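Undergrad: build me a model from this:
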Amino acid sequence: MSATSTSQRPDLEQAPVDTDRKIVRHQVVVVGGGTAGISVAARLTNGWFNRTDVAIIDPAKDHFYQPAWTLVGGGAFNLSATRRDEAAVIPARAKWYPTAVTEFDPEHNRIYTQDGTIIEYDFLVVAAGIQLNWHAIKGLEESLGEGGVCSNYSYQTVGSTWDSIRNFQGGTAIFTHPATPIKCGGAPQKICYLAEEHFRKSGVRDKSRVIFAIAAPELFAVEKYRKVLETVAQRQGVEVLLDHELVAVSSDTKEAIFRRKADGEEVSINYDMIHVTPPQGPPKFIAQSPLADAAGWVDVDRHTLQHVRYPNVFGLGDCANLPTSKTGAAIRKQAPVAAANLRAALLDQPLPARYDGYTSCPLVTGYGKLVLAEFGYDKQPSETFPFDQGKERWSMWLLKKYLLPVLYWQGMLKGRA
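TA: I've put the predicted structure just below:
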């Protein structure tokens, strides 16, 4: 961590980095300093009388508000406003280990870290996010950020999306959605609709072909919102290719290679611009651990968030095998459940809280237009506001652009919302 970052938080207790096999112990260890990990840690350490001993393990120097990257890619949000120093969001009463986990040993309540420290725990919270597998698409890593190949899925590449959109002079623009679970299932479509509208405003739409290729049989998992998105795509003249999975990008020939799910055949489409959502999966150090299910995700009870084999382990956020969309809104509902149940477990009491699978996808359908999709495990709408959220609304656009970032930085990360 840089001196500048730590100087912003003189009260931050940073664990010593030691190359020896030093053994330390904490009451609760949280693996992951992203949205889920910080939210739970804040809830466990808030309050004058709350003296839970909490440690956070995460090597990241930066903390990002990733839901705004769609708007950044569409030229409607400042990229720098999505980043803060990790040191600035660590709860004051938590001890931070700025290192990576290399191995879980849940049989002995131990974690091994990259800096050589062994960290023992009474309880463990795994909230390590999701891994972006850029390498899973042939040719993508070497092409990204150049020649019209762009992606909103990292701080380093999101700027290339806006550059590609605003400099587009016509031709074929492709937007992709992979077969794997991803952060915010609606995000790949949102940038497509923003780009299409910008093409209209810049006068190049009449000489452009806009394609949305998704490796699924439908645009969205919830029928009410799927119908809205189908209407939006038709209205904006977006060509939807269902069951088309991107497998390769050739920057030399400007070809995108898709595999059709129906027959396994490969289809080549030439592009002038392509926005790629990379395949995603569980972090490798989790997938290869005893905590993982067969697919590599943290294996937890879908309601209590307690591990199914290790009762002193809890998991939440993108790395958990919860059958719901992986969003920050889902974490906002999971964090209080995990914190409440962990507090009860610390006292050897029954777990009182339950998570119903709630998640939310703010579906941007254009500049100043948004459909706020909210639903649970049953894939039925679970809406917050006293109006039909299946309609595009300017008010919901304002919610996403102005209110949700404040709720995130000042509410969720401080254990208040």
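Undergrad: wait, what's in contact with the residue nearest to residue 366 when sequence neighbours are not counted?
TA: The shortest distance from residue 366 to any residue other than its chain neighbours is 4.7 Å, reached at residue 197 (CB to CB, 6 or more residues apart in numbering). Where you see a C-beta, it was placed from the backbone N, CA and C, and this is true even at glycine. Residues near residue 197 by CB atoms under 8 Å, 6 or more residues apart in numbering: 236, 366-367.
Undergrad: among the residues you listed, name the ones in strands.
TA: Among the contacts of residue 197, the members falling in strands are residue 366 (criterion: DSSP state E).
Undergrad: any idea how far the residue nearest to residue 366 is from residue 108?
TA: Computed as CB to CB, to the nearest Å, the residue 197 to residue 108 distance reads 56 Å.
Undergrad: now the buried members of the contacts of residue 197.
TA: 236, 366-367 (16 or more other CB atoms under 10 Å).
Undergrad: now render the residues you listed as a markdown table, adding distance to residue 87 and pLDDT.
TA: Listed next are the buried ones among the contacts of residue 197 as a markdown table, based on distance: CB to CB, whole Å; pLDDT from 0 to 100:
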| residue | distance to residue 87 | pLDDT |
| --- | --- | --- |
| 236 | 43 | 98 |
| 366 | 38 | 98 |
| 367 | 35 | 98 |
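Undergrad: now those residues in TSV, with distance to residue 185?
TA: Listed next are the buried ones among the contacts of residue 197 as TSV, based on distance: CB to CB, whole Å:
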residue	distance to residue 185
236	19
366	19
367	21
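Undergrad: closest one of those to residue 45?
TA: Each of the buried ones among the contacts of residue 197 was checked against residue 45 using CB to CB; the closest is residue 367, at 40.2 Å.
Undergrad: quick check, the closest one in contact with residue 194.
TA: Yes: shown here, residue 367 and residue 194 form a contact pair, counting by CB atoms under 8 Å, at 6.6 Å.
Undergrad: what's the overlap in contacts for these two?
TA: The overlap between the contact sets of residue 367 and residue 194 (CB under 8 Å, 6+ apart) consists of 74, 76.
Undergrad: in three-state terms, label the residue lying closest to residue 78 once chain neighbours are set aside for me.
TA: The shortest distance from residue 78 to any residue other than its chain neighbours is 7.4 Å, reached at residue 72 (CB to CB, 6+ apart). Secondary structure for residue 72, judged by DSSP: H, G, I helix; E, B strand; the rest coil, is helix.
Undergrad: and what of residue 145?
TA: Going by three-state DSSP, the secondary structure assigned to residue 145 is coil.
Undergrad: where does pLDDT dip in the protein?
TA: Per-residue confidence of the chain (counting by pLDDT under 70) places the weak regions at 1-20, 49.
Undergrad: kindly recompute the last result at 90.
TA: Applying pLDDT under 90 to the chain picks out residues 1-21, 47-51, 417.
Undergrad: which residues of it fall in helices?
TA: Using DSSP state H, the helices assigned to the chain run over residues 3-7, 35-45, 69-73, 86-89, 140-143, 158-166, 187-201, 223-235, 284-287, 328-346, 394-398, 404-406.
Undergrad: between the buried ones among the contacts of residue 197, which sits nearest residue 403?
TA: If you rank the buried ones among the contacts of residue 197 by distance to residue 403 using CB to CB, residue 367 comes first, at 17.4 Å.
Undergrad: okay, the spatially closest residue to the closest one that is not a sequence neighbour and residue 276: tell me how far apart.
TA: Counting by CB to CB, 6+ apart, the nearest residue to residue 367 once its immediate chain neighbours are dropped is residue 197, at 5.8 Å. Here the distance between residue 197 and residue 276 works out to 20 Å (CB to CB).
Undergrad: residue contacts, residue 370?
TA: Residue 370 makes contacts with 362-364, 392-394, 396-397, 399-400, as judged by CB under 8 Å, 6+ apart.
Undergrad: repeat the analysis, applying 7 Å as the threshold.
TA: With contacts taken as CB atoms under 7 Å, 6 or more residues apart in numbering, residue 370 has the following neighbours: 362-364, 392-393, 396-397, 400.
Undergrad: re the thing from before, and the buried ones among the contacts of residue 197, which is closest to residue 387?
TA: The shortest gap between residue 387 and any of the buried ones among the contacts of residue 197 belongs to residue 366, at 19.2 Å (CB to CB).
Undergrad: is the closest one bridged to anything, and to what?
TA: Following DSSP bridges, residue 366 is listed with bridge partners residue 369.
Undergrad: pretty sure it contacts residue 193?
TA: Yes: Residue 366 sits in contact with residue 193 when judged by CB atoms under 7 Å, with a separation of 5.4 Å.
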